[in-house]
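A.B. asks: Got a predicted structure here, sequence first:
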Amino acid sequence: MRLGLALSVAALALVGATMPERPAVAAQSAATPAASWAGFRDGFIEGWFRIDPAGAVYQGRHDFDGGLGDWSPAGLKVQGDFLRASIARAKGFTALTGADAFERDYLITVAQGKLFWLEDADQPHRNPAWYVNAGLDPNVYVARNYAPAAVRLKALTVFLEKVPTATANIRANLKAPMPLSYVNFGAAAFNGFADYYTGDAKAAFASVKDPALQKQFDVAAAAASKSMKALGAWLESQRATATQDFALGPDRFARMIQATEGVDTPLATLTAVGQADLKRNQAALAEACGKFAPGATIPACMAKMNANKPVGGPVAAARLQIPTLRKFVVDHDLVTIPGTEAALVEESPPYNRQNSAYIDPPGPFDKGVPSVYYISPPDPSWTKAVQDAFVPGKQDLLFTSVHEVMPGHFLQFLHANRSPSLFGRLFVGYAFAEGWAHYTEEMMWEAGLNDGDPETHVGQISNALLRDCRFLSAIGLHANGMTQEQSFRMFVDQCYQDEGNARQQAARGTYDPAYLNYTLGKLMIRKLRTDWTATRGGRKAWKAFHDQVLSYGGPPIPLLRQAMMGEAKATSAF
């Protein structure tokens, strides 16, 4: 996902020339006086792109092709100094009104969120996932046909030439001992990258008939793969001393939600909100199961739904589901579908199978590049029974396709990439992105998807319960002393997830504490819909509501609420 962790120039600039190195941005750049808010905002974006060139490439700025961030101690300091200076300078724009004031507050939250992960949570020294999210994935060069294959291969080669330095910095930065789940995640990701560089990435460019370029790539890929394997081996060696010390702690966890999403609700209140949504969905599941599997237990009902596997496998089935979902959205006039773009569906690459499904949408500066909806196969190390259970049932998959494609992330990014706000196009927040996509699942059921079919309802609720357990696990793991095993049991016993998925989700909660944002965002959007449509015709105003929400890009939802409701200050509401 483009979650803010992360324009175009002629691709000819990459042909026959060495990729130029970009100088590190000076820490004081953001504090340079700007003639206007737009000038400052654009300066922030350019400054951040120089710090995070891989993120710039992901957004479609191919003048940064081949770039990778500086993760040395000096480079990390530049990031922190830049963000602090940017926050201070943005706060100085006190006379702004309207859209400019909204963008100012949006920028401040984005910068504060990045600074939280960098320094308060200290992720560069604690969490391998920080690096995976900060630009190590080369898929943008392989899967996005933004330029001829030879151009992209050259860019990928320049990128790979930087990987050994990056891995040396990662190895120097990460402090042992680490939590076991971090070790497992990092080893799988880094070893997966190593195999990908010389395997699938190499195969993807077999059509390039340039022996010199292929040789240059082979040398760079081999060195990058070797350095990644060494990093993966070092992480694997840490298992003997690994800990369970993954918790942020209640105070830091509360600061995380405030800094990254602008939500200042007390954790006790959030816990009560999450438990209420869990109970609401459990009650809805019991009612749906009473119709779908009369007399059966809830686990048996879920097993019955999951046993109805998609014909031809989930990738083939998802390809058939998407046009049906699009037609439903159009026929029921739920939200505008801008443009004619379509989403492809593929099996996820081996290095990125920590989640069952995800989508990779193009950035706002890429044109004519398709989104790719990736679906993960089960882990081959699992037993056959666990592998079989991991493959989703047909109706479970249906709502995954709703979430990832229509009218979830894919549609959301069609709107975001057309937002009037440049900042909104580039920085789509976690709670906004996942909150919207999760919100659409229940919204589609409410709108009549599959005409009240109880099996469909069980599939929808299965997805809702998964996110409820993420919400409660995030708070439990990081603020209330919950163990990873207790989180696993909650996913199985209270949210009725299969064992393989439950183990993945319990582990993810340790290194992705913000994955409560699915339910957090959904509940804030649902409350905003109730309040906004109350004076605009109720159900008849859904399309107008959805279009307006999506027009903002991806801001913190409390800020979105303030703008749409005309409130005096940004607040969270559930």
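C.D. replies: Received, thanks.

A.B. asks: From here on, just use CA atoms for contacts and neighbour counts.
C.D. replies: Will do.

A.B. asks: Show the residue spans covered by the strands in the protein.
C.D. replies: Applying DSSP state E to the chain gives strands spanning 343-347, 357-360, 371-375.

A.B. asks: Of all these, which one is nearest residue 275?
C.D. replies: With Cα to Cα as the measure, strand 357-360 is the member of those nearest residue 275 (25.4 Å).

A.B. asks: elements contacting the closest one?
C.D. replies: strand 371-375, helix 394-404 (3 or more Cα pairs under 8 Å, 6 or more residues apart in numbering; DSSP states H and E).

A.B. asks: Pick the most buried one from those.
C.D. replies: For the helices and strands packed on strand 357-360, average neighbour numbers computed from mean count of other Cα atoms under 10 Å are highest in helix 394-404, which has a mean of 26.

A.B. asks: and the angle from that one to strand 371-375?
C.D. replies: Helix 394-404 runs at 150 degrees relative to strand 371-375, counting by axes from the mean of the first three to the mean of the last three Cα atoms, to 10 degrees.

A.B. asks: packing partners for helix 394-404?
C.D. replies: Partner elements for helix 394-404 (3+ Cα pairs under 8 Å, 6+ apart): helix 298-307, helix 314-331, strand 357-360, helix 430-446, helix 454-479.

A.B. asks: Compare those and report which one is nearest to residue 36.
C.D. replies: helix 430-446 (27.8 Å).

A.B. asks: Name the residues that touch the lowest-mean-pLDDT helix or strand in the chain?
C.D. replies: Within the chain, no helix or strand scores below helix 384-390, which has a mean of 86 by mean pLDDT, DSSP states H and E. With Cα atoms under 8 Å, 6 or more residues apart in numbering as the test, helix 384-390 has contacts from 306, 307, 378, 379, 380, 498, 499, 500, 501.

A.B. asks: measure the residue of the chain positioned farthest from its centre to residue 286 for me?
C.D. replies: No residue in the chain sits farther from the centre than residue 295, which is 39.2 Å out by Cα atoms, centre = their mean. Taking Cα to Cα, to the nearest Å as the measure, residue 295 falls 11 Å from residue 286.

A.B. asks: any chance you could map the helices in the stretch 1-150 of the chain?
C.D. replies: 37-51, 53-58, 73-91, 98-115, 123-126, 128-131, 139-143, 149-173 (DSSP state H, counting those that start in this stretch).

A.B. asks: Quickly, which of those helices bottoms out on average pLDDT?
C.D. replies: Lowest mean pLDDT within those: helix 139-143, at a mean of 91.

A.B. asks: Which elements pack onto that one?
C.D. replies: So helix 139-143, by 3+ Cα pairs under 8 Å, 6+ apart, packs with helix 149-173.

A.B. asks: Packing partners of the helix it packs on?
C.D. replies: helix 123-126, helix 139-143, helix 211-236.

A.B. asks: per-residue confidence averaged over stretch 540-548?
C.D. replies: 98.

A.B. asks: Just the buried positions in that stretch, please.
C.D. replies: Buried positions in stretch 540-548, judged by neighbour count with 16 or more other Cα atoms under 10 Å: 541, 542, 545, 546, 547.

A.B. asks: on that earlier part again, including mean pLDDT and distance to residue 162, could the helices and strands packed on strand 357-360 go into JSON lines?
C.D. replies: As requested, those are exported to JSON lines (pLDDT from 0 to 100; distance: least, Cα to Cα, whole Å):
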{"stretch": "strand 371-375", "mean pLDDT": "95", "distance to residue 162": "26"}
{"stretch": "helix 394-404", "mean pLDDT": "96", "distance to residue 162": "32"}
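
A.B. asks: The helices of the stretch 1-150 of the chain: which one's closest to residue 277?
C.D. replies: Judging these by Cα to Cα, what sits closest to residue 277 is helix 98-115, at 26.4 Å.

A.B. asks: so where's this protein uncertain?
C.D. replies: Low-confidence segments of the chain, defined by pLDDT under 70: 1-35, 351, 354-355.

A.B. asks: Let me see the domain layout of it.
C.D. replies: 11-245, 262-311+321-337+384-565 (automatic domain parsing).

A.B. asks: Output these as a markdown table; include the columns distance to residue 255.
C.D. replies: Output for those, formatted as a markdown table (distance: least, Cα to Cα, whole Å):
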| stretch | distance to residue 255 |
| --- | --- |
| domain 11-245 | 8 |
| domain 262-311+321-337+384-565 | 8 |
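
A.B. asks: most packed of those domains?
C.D. replies: Highest mean neighbour count among the domains of the chain (mean count of other Cα under 10 Å): domain 262-311+321-337+384-565, a mean of 20.

A.B. asks: Give me the distance between that one and the centre of its chain.
C.D. replies: 14 Å (Cα atoms, centre = their mean, to the nearest Å).

A.B. asks: Residue 261: which of the helices and strands packed on helix 394-404 is closest?
C.D. replies: helix 430-446 (6.9 Å).

A.B. asks: which helices and strands does the closest one pack with?
C.D. replies: helix 394-404, helix 409-416, helix 454-479, helix 517-533.

A.B. asks: Please name every helix or strand in contact with the third one.
C.D. replies: So that's helix 454-479. Using 3+ Cα pairs under 8 Å, 6+ apart: helix 454-479 touches helix 250-261, helix 267-292, helix 298-307, helix 394-404, helix 430-446, helix 484-493, helix 499-511, helix 517-533.

A.B. asks: how about those helices in TSV, adding distance to residue 86?
C.D. replies: Below are the helices and strands packed on helix 454-479 laid out as TSV (distance: least, Cα to Cα, whole Å):
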stretch	distance to residue 86
helix 250-261	15
helix 267-292	29
helix 298-307	49
helix 394-404	33
helix 430-446	21
helix 484-493	37
helix 499-511	27
helix 517-533	25
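
A.B. asks: Which of the ones you listed sits closest to residue 57?
C.D. replies: Taking the helices and strands packed on helix 454-479 one by one with Cα to Cα, helix 430-446 is closest: 19.5 Å.

A.B. asks: now the closest residue to residue 176 other than its chain neighbours: how far from residue 163?
C.D. replies: Distances taken as Cα to Cα, 6 or more residues apart in numbering place residue 238 nearest to residue 176, at 7.4 Å, with adjacent residues excluded. Using Cα to Cα, residue 238 is found at 22 Å from residue 163.

A.B. asks: Lovely, talk soon.
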